[in-house]
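>>> give me a model of this one.
(4 chains)
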Protein chains: 2
Amino acid sequence: MQSFTEENYLKTIYNLASKQQGEVSTNALAEMTATKAASVTDMLRKLADKQLIHYKKYQGVRLTEEGERLALQIIRRHRLWEVFLVQKLGFGWDEVHEMAEELEHIRSEELVVRLDTFLGHPQFDPHGDPIPTPTGQMPEMGYRKLSDAVAGEAVCLRAVMEHSTEFLQHLNHSGLTLGSIVTVSEINAFDKSVLVQIGNDRTVFVSHEVAKNLLVS
Amino acid sequence: MQSFTEENYLKTIYNLASKQQGEVSTNALAEMTATKAASVTDMLRKLADKQLIHYKKYQGVRLTEEGERLALQIIRRHRLWEVFLVQKLGFGWDEVHEMAEELEHIRSEELVVRLDTFLGHPQFDPHGDPIPTPTGQMPEMGYRKLSDAVAGEAVCLRAVMEHSTEFLQHLNHSGLTLGSIVTVSEINAFDKSVLVQIGNDRTVFVSHEVAKNLLVS
DNA sequence: ATAAAAATTTAGGCAAGCCTAAATTTTTAG
DNA sequence: CTAAAAATTTAGGCTTGCCTAAATTTTTAT
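This next block holds a predicted model:
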């Protein structure tokens, strides 16, 4: 059985690894867990002892098969709770991250099974992220970033890669919601910002920084 | 802000105090929290420093007004989650205690408000215990113990004072459910066990140990 | 009333997770 | 290629909440 803290490290390693090539660095983990690098090193030694990560000093870290299984279990719980908070309790998608961070650690296999059934076996969380299967498979969606679309393309907004309240409220404000069809009408050659038309309605400005965090298909 | 552990002590002090006269003892707390008396003493000093309890060495402990307010907040959360687990997820009343022990510590005022609304503002948890109001009042029910009923009396089963899986499964087995009307047909003078008829159906044997933990009106 | 028993507290320690400062290794820039 | 910069690890410490053993206080039984 892992501690609350160990679970958070596993989840964070998975999330960082899925956004990059190769091993996850100590510093990246320190930033994500809001701790210092020295603390991360302590924990990595511990997780390596438990065979949950592959770790060589100074060389970064990668989950073992068992570590990945556990990480996906935690991510599954996190995403199911987010669906609950939004669909059943009526929270906004910008309000649920912190609560789900706590709920994901509730220790009961049966609870997850029943919650999943209660929610109707959802495939995606409110941010468009796929929910890992009970057996620990992460569905591969093959989305692209909006920032990689070319002028004239019409794409469907599928997911967001950033879950902060500020970012999501900014999207609310722009009228960008998951499932909308947006057409890229213009790409600024200098700052790579884009103008997109939402459906047949208004056209909004999207900075490159934001477009990089929007997944489309 | 209190730690997970501090919250558990406050809740436990409240629960013990409500079942007895006067101050709560160190030993009683040690038993309930599954720790040793020395550990309890440490925590009592800490809670006293925070003005959450009245504490004089060797003299037991009692919640301050603020301590009671916090305790009732935690108990409210615990009982609302129990309702959720039973009514929405379909767990048995004998399965939910452990999970609610964890869920009660989720830190979000808004979550409690929305959960309460989602559940339809329930008055009682699955064990028949009243749910404290949002403002921190514990409804006074004035129930008696079944063990205090006299022969011939017909009473309604309202609540259980023991939440262990074993106890509740024993009740399931006996067919004793909350809301049933039971008639005391016989009281054994030697061991104080009682025979009760459930509605107009079967008559079951109830030991004094069990009858002491059943609240009726 | 007092000695034994029970309850409680104090003293000193341990593990988990965090920290800072210093040492080490790796990476980068010139 | 090498020196400086950056990243990482080690060393030593802190806090929380727990423990055991010993000391103290309260309660109980004679």
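>>> pull up the residues of chain A that are close to chain B.
Proximity of chain A to chain B (CB under 8 Å from any CB of the partner chain) is limited to residues A:85, A:88-91, A:95, A:98-99, A:102-103, A:105-108, A:110-111, A:114-115, A:118. Just so you know, the C-beta spots here come from the backbone N, C-alpha and C atoms, and that holds for glycine as well.
>>> domain map for chain A?
A:4-63, A:75-139, A:144-216 (automatic domain parsing).
>>> tabulate those (TSV), appending mean neighbour count.
Formatted as TSV, the domains of chain A follow (neighbours: other CB atoms under 10 Å in any protein chain shown):
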stretch	mean neighbour count
domain A:4-63	16
domain A:75-139	18
domain A:144-216	16
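>>> quick one: those domains as CSV, columns for mean pLDDT too.
Shown next, in CSV, are these (pLDDT from 0 to 100):
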stretch, mean pLDDT
domain A:4-63, 96
domain A:75-139, 97
domain A:144-216, 94
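>>> so which of these is nearest residue B:26?
domain A:4-63 (28.0 Å; CB to CB).
>>> is any residue of the closest one near DNA strand C?
Yes. Domain A:4-63 lies within reach of DNA strand C by CB under 7 Å from any atom of the strand, at A:4-6, A:33-36, A:38-39, A:42-43, A:46, A:58-59.
>>> how about residue A:195: what's its closest non-neighbour residue?
residue A:186 (4.2 Å; CB to CB, 6 or more residues apart in numbering or on different chains).
>>> surely that neighbour is in a strand?
Yes. With DSSP: H, G, I helix; E, B strand; the rest coil as the criterion, residue A:186 is part of a strand.
>>> returning to that earlier point: residue B:205 is nearest to which of the domains of chain A?
With CB to CB as the yardstick, what comes closest out of the domains of chain A is domain A:75-139 (32.0 Å).
>>> and that closest one, how far out from the chain middle?
12 Å (CA atoms, centre = their mean, to the nearest Å).
>>> DNA strand D contacts on chain A?
Residues of chain A lying close to DNA strand D by CB under 7 Å from any atom of the strand are A:25-28, A:37-38, A:40-42, A:44-45, A:55, A:57-60.
>>> residue contacts, the closest residue in space to residue A:32 that isn't next to it in sequence?
In this structure, residue A:32 finds its nearest non-sequential neighbour in residue A:12, 4.8 Å apart by CB to CB, 6+ apart. For residue A:12, the contact set (CB atoms under 8 Å, 6 or more residues apart in numbering or on different chains) comprises A:29, A:32, A:33.
>>> export the residues you listed to a markdown table and append columns for secondary structure.
Converted to a markdown table, the contacts of residue A:12 look like this (three-state DSSP):
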| residue | secondary structure |
| --- | --- |
| A:29 | helix |
| A:32 | helix |
| A:33 | coil |
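>>> ok, those vs DNA strand C, which is closest?
Here the nearest of the contacts of residue A:12 to DNA strand C, counting by CB to the nearest atom of the strand, is residue A:33; it sits at 6.3 Å.
>>> nearest residue to that closest one other than its sequence neighbours?
residue A:12 is the one closest to residue A:33 (CB to CB, 6+ apart), at 5.9 Å.
>>> helix or strand for that neighbour, which one?
In this structure, residue A:12 sits in helix A:4-17 according to DSSP states H and E.
>>> how many neighbouring residues does whichever residue of chain A sits closest to DNA strand C have?
Among the residues of chain A, residue A:3 lies closest to DNA strand C, at 2.8 Å counting by CB to the nearest atom of the strand. The number of residues packed near residue A:3 is 11, by other CB atoms under 10 Å in any protein chain shown.
>>> and it, what's its pLDDT?
Per-residue pLDDT puts residue A:3 at 96.
>>> show me what contacts it?
Counting by CB under 8 Å, 6+ apart, residue A:3 has no contacts.
>>> how about it, phi and psi?
phi -80, psi 160 (degrees, to the nearest 10).
>>> measure it to residue A:52 for me?
12 Å (CB to CB, to the nearest Å).
>>> same deal with residue A:83?
From residue A:83 to residue A:52 the distance is 27 Å (CB to CB).
>>> residue A:160 too?
In terms of CB to CB, residue A:160 sits 28 Å off from residue A:52.
>>> again, but for residue A:130
23 Å.
>>> residue nearest the centroid of chain A?
Compute the mean C-alpha point of chain A, and by CA atoms, centre = their mean the closest residue is residue A:161, 5.6 Å away.
>>> nearest spatial neighbour of that residue, skipping sequence neighbours?
Residue A:161 sits nearest to residue A:213 (CB to CB, 6+ apart), 4.4 Å away.
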